[in-house]
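Participant: next come a sequence and a model predicted from it.
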Amino acid sequence: MTAVTNARPSTAASPRKRRARYNPFVLWLVPILGLLMIFNVFPIFGSFFLSFFDFEMLQPLKFVGLKNYIYAFTTDTVFPVAIINTVYYAFVSVIIGMAISLLIATLIFNRRFLKDFWRTVYFLPVVTPVVAIAMIFRFIYQPSQFGVLNSLIAPFGIPAQQWLTSAQKVIPSLIGLSIWSGLGYNMVLFLAGLGGIPTSFYEAAKIDGANDWQVFWKITWPLLSPTFLFTTVTSSIGAMQVFTVPYIMTGGGPENASRMWVMEIQEMGFKQFRMGYASALAMILFVFILVLTLLQLRYLRTRWSY
Amino acid sequence: MIASTKNILRARSVLIYLFLAAGTVAMLMPFYWTLITSVKYPSETTTFPIIWIPTKITFQWYIQAWNAKFPTYYMNSLIVALAVLVGNVGFSALAGFIFAKYHFPAKNFLFLVVLATMMVPFAVTIIPAYYIVAVWLKLKDTLWAMIIPALVSPFGIFLMRQYTTTIPDELLDAARIDGASDFRTFWQIVMPLCTPALSALAIFHFIWIWNDFLWPLIVTDSDRSRTLPVGVALFALPRWSQYNLIIAASMLVLVPVVVVYLVFQRAFVQGIVLTGLKY
C-alpha cells in the first residue's frame, strides 16, 4: 500500500523524530464526514440535550430537567397509547411478515420457471411510494359494502368489515398492509441468503434420506440465521418508526387507536411546537430501539458452521 | 413405485406454482384496481360488485390532477432526487475509497462512527436536523433543505468502502507510477470499476428520495418547494370524496418509480443484496 507514507512513531530507544505525513487527498473526508456529523451525529446529542428543556422554537430555552420524561409517562394520555400501538404493530408485523417472506423466498428459490418474474412481482410493492399505497389502500379498506376489500370477501359470505374505523381492526389492517408492501424486501434478502448455502449440503442430506422438513430445520434454517438476524433487526427498527401510512390512512385512527410513536413526535414537535417534549419522546424511542436491537443481537445470533 | 412418486412431486410442484400465482394476483390486484379506477367514470367506481373492466374511460382526472400544481411537484422531486443521487453516490464513493485505500489517524474509529450512525433511527434526528436546516441555515421551504441532509449517507459510505477494498492495490500503484494524481486515479480507475455498486446505490437513493415523505413534509411550507409525495397527500386530504381524482393522483406518483424499477430491477435487487449481506 503505497498511496501514503506511513508514519513511523519514534520509539524510546531511538531519539529520532519523524513527522507523520499523510496524503492530503484524505482531506476530502473532512467535508464529507462533516456533513454526516452535522446531520446524523450531532442531532442525536441535540435531541438528548433538548429533551431536558422546554423549547418552543422562537422563545428562549427553559431548563426543566426531567419534567418532559415524567410528563410522558404520567400525565400524557396519548403517549402510553402510542407506545402500545407501536409495539403491537411492530411485533406482529415483523414476525408474520418474516414468516411469509421466508416462505415465499423458499418457494421461489426452488422453482425452475419464472424465478425473475416472481421476484419482480413480489418486490413491486416495496418500491411503490408509500404515499400512493396509503391513499390506494384507504379506498380498498373502505368500510362500506362498496369498499374493494369488502366486495372481494362478500362472495364468501363475510359481511362488510370496518377495517379502518374500528378500534380493534385498525392496527391489524395496518399490519396486513405492511405485510403486503414489505414482504418483497425481506424476501429478496432471504433469496440471497438461500443462494449462499452450498448445494452439497442438500445433496448430502438427500443421500442420508432426510425428508423436506428435516432438510429445512437442520440445514436451511441454521444457515439462514445471519440473514434472519439482519432482517429481524432492520425490520423491527423500521416498524417501530412507522409514520406515513397511519398518518395518511387514519390520522391516528378512531380515537387514537392507531396513533404511533413517530406520529406523536411529529405532532408534538411540528404541530404543537413543543420541541423539548418531542425530543424527549424521540429519546425514549431511541433507547427502546437500542435495547430491542441489543436483545435481538444477543438472543438471535447463533453461530453455525458445518 | 417410481411413477407415483414422480406424480406426487409433479402435483406438488403444480400446487406451488398455483400458490405463487395466487400470491401474484394478491400483489398486483391493488395496482390493477388503481389503474382502472383512475380512468373510470364515477358511476362505475363505487359499484357492487366491482367492475373490473370499465365500459368507458376518461382521462379527465389526470388532466385535473396535473393542473393542480403537479408539474411543480414533479420538477421538485426530480431535481432533489437527481441532485442527491449524483452527490451522494459521488461522496460515498470518494469516502469509501479513502477509507479503503488510505491510512490516516483514527481511521478505524471514524469508520466505526460511520457504522454507528447507520443504527440511529431517523425519528430521533428530525427535530435538531430541522432546527439546523430551518433556523441556522434558513433554508426552510427550499429544495436545498431536502438535498443537503441527504448528500451523505452512512450506508453509502459503508457499501463503497466494502466494494473498493476489492480493487487490487497493484492497479492503483501502477496508476501512481504512471503519474496519475489521487483524484484522477479515483475518477478514471476506481469509479469505472465500481459500476455495479454505484448503480445499485444510485437507484436505491433515487427511489428512497422520490418516496420520502416525513422530511419533506416538515421542511416545506408551500407548493414552490413541495415534492410529489407531500404535494399529492396534501392535495388529496381535502378531496377524499373524489375517488377517481385521488387515485389518478396516486398513479402520477407511482408510475415513474415503477418504471424506473422495472427498467433497472436487476441492479436494484443487487443493491439490496449488497447492503444486506455484509453484516
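Facilitator: In hand now; what should we look at? Residues are numbered from 1 along each chain as shown, chains lettered A, B, ... in the order given.
Participant: okay, now the residue nearest to A:I140 when sequence neighbours are not counted: neighbour count?
Facilitator: Leaving aside its chain neighbours, A:I140 sits nearest to A:V148 (4.2 Å; criterion: Cβ to Cβ, 6 or more residues apart in numbering or on different chains). Bear in mind the C-beta positions are built from the backbone N, C-alpha and C, glycine included. Here the count is done by other Cβ atoms under 10 Å in any protein chain shown, and A:V148 has 18 residues near it.
Participant: show me what contacts A:V148?
Facilitator: Applying Cβ atoms under 8 Å, 6 or more residues apart in numbering or on different chains to A:V148 gives the contacts A:F139, A:I140, A:Q142, B:W33, B:I50.
Participant: again, 10 Å this time
Facilitator: Counting by Cβ atoms under 10 Å, 6 or more residues apart in numbering or on different chains, A:V148 touches A:I136, A:F137, A:F139, A:I140, A:Y141, A:Q142, B:M29, B:P30, B:W33, B:T37, B:T46, B:I50.
Participant: nearest spatial neighbour of residue 191, skipping sequence neighbours?
Facilitator: Assuming you mean chain A. Nearest to A:L191 is A:A105, by Cβ to Cβ, 6+ apart, at 4.9 Å.
Participant: my question was about chain B
Facilitator: The shortest distance from B:M191 to any non-neighbouring residue, by Cβ to Cβ, 6+ apart, is to B:A93 (6.2 Å).
Participant: is that neighbour within a helix or a strand, and which one?
Facilitator: helix B:70-101 (DSSP states H and E).
Participant: list the buried ones in that helix?
Facilitator: B:70, B:72-74, B:76-77, B:80-81, B:83-85, B:87-101 (16 or more other Cβ atoms under 10 Å in any protein chain shown).
Participant: ok, stretch A:96-113 next?
Facilitator: A:G97, A:M98, A:I100, A:S101, A:L102, A:I104, A:A105, A:T106, A:L107, A:I108, A:F109.
Participant: just give the nearest non-adjacent residue to A:S178, would you?
Facilitator: Leaving aside its sequence neighbours, A:S178 sits nearest to A:S93 (Cβ to Cβ, 6+ apart; 4.5 Å).
Participant: for chain A, what's the nearest residue on the stretch 51-200 of chain B?
Facilitator: In the stretch 51-200 of chain B, the residue found nearest to chain A is B:P128; the distance is 3.1 Å by Cβ to the nearest Cβ.
Participant: and for that residue, the neighbour number?
Facilitator: B:P128 has 23 nearby residues by other Cβ under 10 Å.
Participant: contacting residues for residue 25?
Facilitator: You didn't say which chain, so I picked chain A. So A:F25 contacts A:3-4, B:94, B:97-98, B:101-102, B:104, B:181-183, B:185-186 (Cβ under 10 Å, 6+ apart).
Participant: meant chain B, my bad for not saying
Facilitator: Contacts of B:V25 (Cβ under 10 Å, 6+ apart): A:V121, B:Y32.
Participant: can you pull the pLDDT of it?
Facilitator: pLDDT, B:V25: 91.
Participant: from A:L50, how far off is it?
Facilitator: 49 Å (Cβ to Cβ, to the nearest Å).
Participant: ok, now which ones touch A:G157?
Facilitator: Contacts of A:G157 by Cβ under 10 Å, 6+ apart: none found.
Participant: so how far is chain B from it?
Facilitator: 14 Å (Cβ to the nearest Cβ, to the nearest Å).
Participant: just after the helix or strand of chain A with the lowest mean pLDDT, pick out the following helix or strand.
Facilitator: None of the helices or strands of chain A scores lower by mean pLDDT, DSSP states H and E than helix A:212-215, at a mean of 81. As assigned by DSSP H and E, the chain's next helix or strand after helix A:212-215 is helix A:221-240.
Participant: tell me the average confidence for the following helix or strand past that following helix?
Facilitator: Scanning forward in sequence from helix A:221-240 by DSSP H and E, the next helix or strand is helix A:244-249. Confidence over helix A:244-249 (mean pLDDT, whole number) is 90.
Participant: how does the chain divide into domains?
Facilitator: I went with chain A, as the question did not name one. A:1-50, A:71-300 (automatic domain parsing).
Participant: um, chain B though
Facilitator: B:2-58, B:61-276.
Participant: hey, least reliable of these by pLDDT?
Facilitator: Ranked by mean pLDDT, the domains of chain B end with domain B:2-58 at the bottom, a mean of 84.
Participant: where does pLDDT dip in chain A?
Facilitator: For chain A, the stretches flagged by pLDDT under 70 are A:1-20, A:303-306.
Participant: could you pull out the buried residues of the host helix or strand of A:F45?
Facilitator: Element membership of A:F45, judged by DSSP H and E, is helix A:42-50. By neighbour count on 16+ other Cβ under 10 Å, the buried set for helix A:42-50 is A:P43, A:I44, A:G46, A:S47, A:F48, A:L50.
Participant: next: stretch B:181-191.
Facilitator: B:D182, B:T185, B:F186, B:I189, B:V190, B:M191.
Participant: for the longest helix anywhere in chain A, what is the distance to the chain centroid?
Facilitator: Using DSSP state H to define each element, chain A has its longest helix at helix A:79-109. Distance of helix A:79-109 from the chain centroid (Cα atoms, centre = their mean, to the nearest Å) equals 10 Å.
Participant: helix or strand next in line after it, which one?
Facilitator: Using DSSP H and E, the next helix or strand after helix A:79-109 towards the C-terminus is helix A:115-127.
Participant: which residue is nearest the centroid of the chain?
Facilitator: No chain specified, so I'll use chain A. The centroid of chain A falls nearest to A:G238 when counting by Cα atoms, centre = their mean (1.6 Å).
Participant: please refer instead to chain B.
Facilitator: B:I207 (1.6 Å).
Participant: does that residue count as helix, strand or coil?
Facilitator: What DSSP: H, G, I helix; E, B strand; the rest coil gives for B:I207 is helix.
Participant: once you drop chain neighbours, what's closest to the residue in the stretch 1-150 of chain A that chain B sits nearest to?
Facilitator: In the stretch 1-150 of chain A, the residue that lies nearest chain B is A:G46 (3.1 Å; Cβ to the nearest Cβ). Excluding the flanking residues, the one nearest A:G46 by Cβ to Cβ, 6+ apart is B:P128, at 3.1 Å.
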